[in-house]
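[1] Give the three-dimensional model of this entry:
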Amino acid sequence: MRKEISRYFDQISTLVHKIPLKNIEELVNIIFEAYENGKRIFIFGNGGGSATSSHFVCDLAKGTATPGKARLKAVSLSDNVPLITAWANDTDYTNTFGEQLKNLAEEGDVVIGLSGSGMSPNVINAFRIAGRIGAVSVLLSGYSGGDAVMGHRFANSGNNWNINWVGTSGGAGGGSALSGNLLADIF
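    Residues are numbered from 1 along each chain as shown. Presented below is the predicted three-dimensional model:
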């Protein structure tokens, strides 16, 4: 059993060291600029990315709170299960995050989607809507970023960013959990 545990820790360590520091710096700058301009951060994902978005928001909203300073405004779109299921049931699951953005997001806000593959239709749709609103879109993904990058040109063009956390070897969940803690410490 210890051998398997040790191998797991080695794999995690290897993945963490593959995260390009420039990508972390880009994300910190995007979030800090939004904070300085009083903009909001919206984070979402499916499955493990959903849980990670909640954790990420907790780290950002609570972990950055400093007495006497303005608060960072962060919201997980994955947390309102009744609203998610209403959109999924009454329209299509593709609308679960995008329709929330239509209600909440404004120009200059930051929209962070978590997708291990970049192929999640509801994440891709949310980016389309964020683009129409004028929000800054950030994809935290593994591999190449999938259709969220290829189909919508999110690779560092204009207000759209693909920040690939783990090179070509995995999903977005672990990297984004790490980033939430890191960003809270930086703030």
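[2] where's residue 52, which helix or strand?
    Taking DSSP states H and E as the criterion, residue 52 maps to helix 48-61.
[3] Direction included, what does the helix or strand following that helix pair against?
    Scanning the chain past helix 48-61 towards its C-terminal end, the next helix or strand to appear is strand 73-76 (assignment: DSSP H and E). The pairing partners recorded for strand 73-76 under DSSP bridges are strand 40-45 (parallel).
[4] what are the ranges of the strands in the protein?
    Shown for the chain, the strands assigned by DSSP state E span residues 40-45, 73-76, 110-115, 136-141, 160-164.
[5] CA atoms only for stretch 20-37, dumped as PDB, please.
    Output in PDB follows, covering the C-alpha atoms of stretch 20-37 (Å, rounded to 0.1, in the frame of the first residue of the first chain):
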ATOM      1  CA  PRO A  20       3.900  26.900 -16.200                       C
ATOM      2  CA  LEU A  21       4.600  29.800 -13.800                       C
ATOM      3  CA  LYS A  22       3.700  32.300 -16.500                       C
ATOM      4  CA  ASN A  23       0.200  30.800 -16.600                       C
ATOM      5  CA  ILE A  24      -0.300  31.300 -12.900                       C
ATOM      6  CA  GLU A  25       1.000  34.900 -13.200                       C
ATOM      7  CA  GLU A  26      -1.400  35.500 -16.100                       C
ATOM      8  CA  LEU A  27      -4.400  34.300 -14.000                       C
ATOM      9  CA  VAL A  28      -3.300  36.300 -10.900                       C
ATOM     10  CA  ASN A  29      -3.000  39.500 -13.100                       C
ATOM     11  CA  ILE A  30      -6.500  38.900 -14.700                       C
ATOM     12  CA  ILE A  31      -8.100  38.400 -11.300                       C
ATOM     13  CA  PHE A  32      -6.300  41.200  -9.600                       C
ATOM     14  CA  GLU A  33      -7.300  43.600 -12.400                       C
ATOM     15  CA  ALA A  34     -10.900  42.600 -12.000                       C
ATOM     16  CA  TYR A  35     -10.600  43.100  -8.200                       C
ATOM     17  CA  GLU A  36      -9.100  46.600  -8.700                       C
ATOM     18  CA  ASN A  37     -11.900  47.500 -11.100                       C
END
